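[1] Just a sequence and a predicted model for now, questions to come.
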Number of protein chains: 4
Amino acid sequence: MIAGIIGATGYAGAELLRLLNGHSKITGFNLSSVSFEGEKMEDIYPNFLGRVNAVLQKAEDVIASSDVVFSALPHGVGEKYAAACIERKIHYIDLSADFRFGDDEDVFNDWYGKKYDFPNLHKDSVYGLPELNRQKIKEQAAKGAVVIGNPGCYPTGALLGVYAALSKELVCDYDMPIIVNSASGTSGGGREPARSFHYSECADSTAPYKIASHRHSPEIARYMAAMTPAGVKAPKVIFTPHLVPMNRGILSTIYIPLSEKWRVTPKEIKEKTLEIRQLYSDFYKDEPFVRVLPDGITAATNRVRQSNYCDISVHVDINGSTLIVATAIDNMVKGAAGQAVQNMNILFGFDETDGLKAIPMIF
Amino acid sequence: MIAGIIGATGYAGAELLRLLNGHSKITGFNLSSVSFEGEKMEDIYPNFLGRVNAVLQKAEDVIASSDVVFSALPHGVGEKYAAACIERKIHYIDLSADFRFGDDEDVFNDWYGKKYDFPNLHKDSVYGLPELNRQKIKEQAAKGAVVIGNPGCYPTGALLGVYAALSKELVCDYDMPIIVNSASGTSGGGREPARSFHYSECADSTAPYKIASHRHSPEIARYMAAMTPAGVKAPKVIFTPHLVPMNRGILSTIYIPLSEKWRVTPKEIKEKTLEIRQLYSDFYKDEPFVRVLPDGITAATNRVRQSNYCDISVHVDINGSTLIVATAIDNMVKGAAGQAVQNMNILFGFDETDGLKAIPMIF
Amino acid sequence: MIAGIIGATGYAGAELLRLLNGHSKITGFNLSSVSFEGEKMEDIYPNFLGRVNAVLQKAEDVIASSDVVFSALPHGVGEKYAAACIERKIHYIDLSADFRFGDDEDVFNDWYGKKYDFPNLHKDSVYGLPELNRQKIKEQAAKGAVVIGNPGCYPTGALLGVYAALSKELVCDYDMPIIVNSASGTSGGGREPARSFHYSECADSTAPYKIASHRHSPEIARYMAAMTPAGVKAPKVIFTPHLVPMNRGILSTIYIPLSEKWRVTPKEIKEKTLEIRQLYSDFYKDEPFVRVLPDGITAATNRVRQSNYCDISVHVDINGSTLIVATAIDNMVKGAAGQAVQNMNILFGFDETDGLKAIPMIF
Amino acid sequence: MIAGIIGATGYAGAELLRLLNGHSKITGFNLSSVSFEGEKMEDIYPNFLGRVNAVLQKAEDVIASSDVVFSALPHGVGEKYAAACIERKIHYIDLSADFRFGDDEDVFNDWYGKKYDFPNLHKDSVYGLPELNRQKIKEQAAKGAVVIGNPGCYPTGALLGVYAALSKELVCDYDMPIIVNSASGTSGGGREPARSFHYSECADSTAPYKIASHRHSPEIARYMAAMTPAGVKAPKVIFTPHLVPMNRGILSTIYIPLSEKWRVTPKEIKEKTLEIRQLYSDFYKDEPFVRVLPDGITAATNRVRQSNYCDISVHVDINGSTLIVATAIDNMVKGAAGQAVQNMNILFGFDETDGLKAIPMIF
């Protein structure tokens, strides 16, 4: 099977190429790039020397000769390629934000400053968080070519941290927001040099950014609502991203106000923590890429590095009123390219872990 | 004036020596170390070569021949030295946790596993957060020798972030906790090699630690209560520390639920943010080491590196219900040795910035 | 096939486990550890959670039930296990220095302070640098169980950088030494916490260490001599290691004085550089893990990260008298565990790249 | 005294401002910037908030109202400002390469692609390496306004490492080059974002760059020749820079072939090393910023961080034929802004350490 990657020279595109190289069903690649058309991928990324031999083409040519297309383009420019793929009856897995908001064009427009060019495509697209939408992806694939909106990196770690709690109604329905405090490595900022990611300005430092204004806020809110049982009020969300000096990884520390029923006195905390951890373990027990960590182990980004895992550790605060969940993902893998491959595996009925079996490197 | 440093070979002790070297009133040093008694400080820390020429002595000898004593010992071993200093009528500035809890021996015992050996010393000791207790420090110094409990690194950044909000009653008195989510550099872990701070295990990674169990939790809660106006219920606090791969710095992101009066609709957020920022600026306007950052600039640890500043940026969440305050300090300076020097300056009536004039290095 | 790893809880052992997990012929593992006997590997290294389920055994038990044994023990303690494996007629691949000096017991004793316990084993052992000794490894394997002395990390990068030059007699036979100036990441220092590898003491800094006294010096000298054609004087070697703040990788910058015949005037440098690069390319053309980089690309450790490649770039100095060769390896892969797997593949006649197909991650 | 800084918004300019803020004789600043004219310095660099209150002016205006001018402009654009300063009879200290080659216009033109606009200025300019040219700087200052060519960062560390050896004729006069293998932090690359200094592409990696083509090669060669006693052949030099993931610092490992007289047998190495170290110590004994390290301590960049020191450690290779000297400087201080301040102090007859008393931070 031939995989096409549109926008192959960005970090997500290159990471896709690296992962798909180890996939048992992929036998070849077509790569496109606007900036580097006609050049060789291994000249842009010498780490591929001797392993990839690919001239960067036009997106249209990639689509015309591939069996599945991944798009790693910037936001707002890919809808026409999605349309072309559906026309050709091949799946289109979009790593940008373009297909993450379904038919809610207003929210997309508010946050990304763009109207939908092909509104119909959005209605049938699926938000590609397998743990939430695996069944839906399969159902759509049974009907024909599918457009997948691959989740954002921060939303992936945030949503997997709260899904069990929301489903099992652990969450307070008061007016208290769920707080998602996240720290990301620099690769999330992409390949283009910028002051914020200039080594001398971000090494050996930590800072929040885009407080109360990051585009992943509405995405997190939308799918937390989708995870909330019918008839229950969807939670408010506060999301604060930080930049930390590391190449890969997102660590999200999530504060979930517990519902009356789950609040405890300080003495019961230890016991209740074990109970909630068990609830999380049970909830994710069939998920190949979610690891609910045992007692005594806390989520850390270096334990998931270069893997498709989302590690989750579960804690109860000292006051007994707040569930603290820490999640760790590799932003380039489960937060981008790996999750895209996982979606492809589901779409085609492949083993869901094909191409994604790498064991995390702790260093 | 001769400064004594007990426990000089730990990181805080060495940092004190570095800072005091640039102080206009300090003309000499006496240093002690249990582990390295009889050795030379510059053999332990070659960065001092050519600048310091000091043999490490016994603590008793340091006390006997100094005009002020700083203690950078581990928790739980320094009370007798404090007693000796008071006996000699010289100020004792303790960087450990031993004198941070005043007469609340029970809390200290709960968290540090030790009873007070000299309960009287604690009654008259002052928690050395100058922005909170400057007046009290001066008053005690007017009476005689003082024991200062120098604040913990995390509490310093946390408390300065909330003091204005608590004083001005911006904070909700509901059952919603203030959440302090902090990230620290590795120097906070001290000089002794340990797995957690082994380069290969903490570089290029981020993780929370001691969730719901860090000893700085009760210290933060205690002084948030002290900052709350009389008659107002003290807030609950949730504190979560994280380790990030940087040498110095603590970034605290603090979520403060706004009181009914201060909550706003999304449209008013921008205006209200400016109003609260002005309130913070006014509150700290005479503080030499607190910088409330202007609109558009967010607190970052590399803008306070090696300085005694606490930078504060003020934001209102997207929902209008939560004040988000980010504070940045250098954990070794404002979070430890610098604040100790500031306390010495206040005790002796020196210029409060003497020895602390270094401009932050962004890299 | 069952692989045994003795000393599995050190970094090299854990890396072996990670790599062998992706090997098509390995169906199971036996792991030993002296320090953690009876514990589970995934409790020591939580990155293996859900992927490895192994209780750490005694070395003897590992040997008794494995089809091949890797030893990642400290230097000087493994000879008896090698003897036990040969007795059981299974290959023994030793990642320590114990079998790197063949029958030259004196040099080993001078540098490692230990005599051989089983001198006979050393005579038949092979130094496992496949590019030098592939044929010899195959020949020994044809005769029976083999002991492989897996090369040191620094020697691997140094030797592959000079092999072509020595073989093709580019090197001056004067009294001028070949200089190997190397920089290593911290993982080379192993898992045990130590001041040198304490984050606060090695981050954001660079320094040489063990100048003129590192144990890899005699290993490099020995095999440079082995690479020198018969009748030609073996070169002298100066080797200086440095520690740089990175997790993985060794970059070696090698200065080779050119023989009279190859020296050039400044004007001819560009042309001669291309000629020497071609000579290197030709020399290594059948090697699966050596990449001679094209004009304009310089060796960098992040282009080989987590792969088994040794990247080589070739340059001629401004004076035309010295060949400068830069080599980059991942010290844990080609410099340790990956090369051990490569040796296993050769011993068993497997595809030499099995288990080693990972494409380098640039970040 | 008012200091002017032309090109104040680059890293060297900002570092100058930081250092001069602590200088006892400087009472005010004039700053210029082409890119940010009319903006405030503290808006470009928020670390100066509350400490500097300066609007960026035109270079001409800075010159007109300052008592000394530092130029931190890019190469090739500053000669006219030097001329203007000499006209105004004020000293001009140039941190670019424009005045590093004296009357050797050809070499400057070969490497920097520019002819001299004011050839006369170059004849009277002084290369501002105080350890080499202190006397000359004083003599020129006695005559009137002086143009100082502040040394390059790499040349500073390289030249101080060889000066004693060249002066005392330790160096072989054969055809063997002195090899300078250097590693620099990222701040040497300046403030403008570029792929090479993009965090994700340079963190956790090491690589050489501009092998045999770096512009500091001719500068090093020129002043090594100047350091060589009359009648002795100047050494050839090979210089290879590397980029390592750290903010500040240059570590140079220098290989000096020893002259016949100084070569030793392996047994004499220890003794001879001490002798050469003593020779270095004696040579630099009156230098306030050169520290020849005692036996057992090796140069490391974190022991000079943010200080004006050049640390030097002296070693003899295992073969007894090569002197290995390691030097460490902070590239932004002794390698740029600090050395410029030192030059100002010499020009004006101030205490040479004024503004430069900071003790190195090891982290």
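    Structure's in. What do you need? Residues are numbered from 1 along each chain as shown, chains lettered A, B, ... in the order given.

[2] From residue A:199, how far off is residue A:7?
    25 Å (Cβ to Cβ, to the nearest Å). To be clear about C-beta, it is placed using only N, CA and C from the backbone, and glycine gets the same treatment.

[3] With residue A:263 instead?
    Taken as Cβ to Cβ, the span from residue A:263 to residue A:199 is 46 Å.

[4] neighbour-wise, which of these two wins?
    Applying other Cβ atoms under 10 Å in any protein chain shown to residue A:263 and residue A:199 shows that residue A:199 carries more neighbours, namely 28 against 18.

[5] Ignoring the adjacent residues along the chain, who's closest to that one?
    Excluding its sequence neighbours, the residue lying closest to residue A:199 (Cβ to Cβ, 6 or more residues apart in numbering or on different chains) is residue D:186, at 4.2 Å.

[6] So what's the residue count around the one you found?
    Counted with other Cβ under 10 Å, the neighbours of residue D:186 add up to 26.

[7] Also residue A:108?
    25.

[8] check whether the strand or helix carrying it contacts chain B.
    If you go by DSSP states H and E, residue A:108 is part of helix A:105-112. No: using Cβ under 8 Å from any Cβ of the partner chain, helix A:105-112 never reaches chain B; the gap is at least 11.0 Å.

[9] tell me the mean pLDDT for the helix or strand hosting residue A:157?
    According to DSSP H and E, residue A:157 maps onto helix A:153-167. Mean pLDDT, helix A:153-167: 98.

[10] for the very next helix or strand once past it, packing partners?
    Using DSSP H and E, the helix or strand that follows helix A:153-167 in sequence is strand A:178-184. When contacts are defined as 3 or more Cβ pairs under 8 Å, 6 or more residues apart in numbering or on different chains; DSSP states H and E, strand A:178-184 sits against helix A:153-167, strand A:237-243, strand A:250-257, strand B:178-184.

[11] Any buried residues in stretch A:47-63, and which?
    Neighbour-count burial for stretch A:47-63 flags A:47-49, A:51-52, A:54, A:56-57, A:59, A:62-63 (criterion: 16 or more other Cβ atoms under 10 Å in any protein chain shown).

[12] Determine if any part of that stretch is in contact with chain D.
    No: with Cβ under 8 Å from any Cβ as the criterion, chain D is not reached by stretch A:47-63; the gap is at least 10.9 Å.

[13] does chain C sit close to that stretch?
    Yes: residues of stretch A:47-63 contacting chain C under Cβ under 8 Å from any Cβ: A:47-52.

[14] Could you measure from the residue nearest to residue A:199 over to residue B:127?
    Residue D:186 sits 40 Å away from residue B:127, going by Cβ to Cβ.

[15] now swap in residue A:189 and tell me
    41 Å.

[16] out of these two, which sits in the busier spot?
    residue B:127 (22 against 19).

[17] so what's the backbone phi/psi at that one?
    Dihedral pair for residue B:127: phi -70, psi 120, per degrees, to the nearest 10.

[18] Quick one: neighbours of the residue nearest to it when sequence neighbours are not counted, just the number.
    Of all residues beyond its chain neighbours, the one nearest residue B:127 is residue B:149 (5.1 Å), with distances taken as Cβ to Cβ, 6+ apart. Neighbourhood size, residue B:149 [other Cβ under 10 Å]: 26.

[19] beta partners of residue B:149?
    With DSSP bridges as the criterion, residue B:149 is bridged to residue B:94, residue B:127.

[20] residues touching it, list them.
    Shown in contact with residue B:149 (Cβ atoms under 8 Å, 6 or more residues apart in numbering or on different chains): B:94, B:97-102, B:125-128.

[21] Now compare the residues you listed and name the two farthest from each other.
    B:97 and B:126 (14.7 Å; Cβ to Cβ).

[22] quick check: angle from the helix holding residue A:157 to strand A:178-184?
    Angle, helix A:153-167 to strand A:178-184, by axes from the mean of the first three to the mean of the last three Cα atoms, to 10 degrees: 150 degrees.

[23] quick one, phi/psi of the closest residue to residue A:160 other than its chain neighbours?
    Distances taken as Cβ to Cβ, 6+ apart place residue A:310 nearest to residue A:160, at 4.7 Å, with adjacent residues excluded. Here is the backbone geometry of residue A:310 (degrees, to the nearest 10): phi -110, psi 110.

[24] What's the local residue count around residue A:310?
    Residues lying near residue A:310 (other Cβ under 10 Å) number 29.

[25] Check it and give its pLDDT.
    98.

[26] What of residue A:39?
    98.

[27] Identify the residues contacting the nearest residue to it once chain neighbours are set aside.
    Excluding the flanking residues, the one nearest residue A:39 by Cβ to Cβ, 6+ apart is residue A:56, at 5.5 Å. Contact analysis of residue A:56 by Cβ under 8 Å, 6+ apart lists A:8-9, A:31-33, A:36-41, A:44.

[28] Just the ones of these in strands?
    A:31-32 (DSSP state E).

[29] which of the contacts of residue A:56 are buried?
    Among the contacts of residue A:56, the ones that count as buried by 16+ other Cβ under 10 Å are A:8-9, A:31-33, A:36, A:40-41, A:44.

[30] overlap between those and the residues near chain D?
    Near chain D, judged by Cβ under 8 Å from any Cβ, there are no entries from the buried ones among the contacts of residue A:56.

[31] between those residues, which is nearest residue A:259?
    Among these, and counting by Cβ to Cβ, the member closest to residue A:259 is residue A:8, at 46.4 Å.

[32] tell me the contacts of that closest one?
    Contacts of residue A:8 by Cβ under 8 Å, 6+ apart are A:14, A:16-17, A:31-33, A:41, A:56, A:72.

[33] Pull up the residues of the stretch 1-150 of chain A that are close to chain D.
    Counting by Cβ under 8 Å from any Cβ, the residues of the stretch 1-150 of chain A that sit close to chain D are residue A:11.

[34] buried sites along the helix holding residue A:157?
    Buried residues in helix A:153-167, defined by neighbour count with 16+ other Cβ under 10 Å: A:153-166.

[35] would you list the residues you listed in TSV and tack on distance to residue A:107?
    Below are those laid out as TSV (distance: Cβ to Cβ, whole Å):
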residue	distance to residue A:107
A:153	19
A:154	16
A:155	13
A:156	19
A:157	21
A:158	17
A:159	16
A:160	21
A:161	22
A:162	19
A:163	21
A:164	25
A:165	24
A:166	20
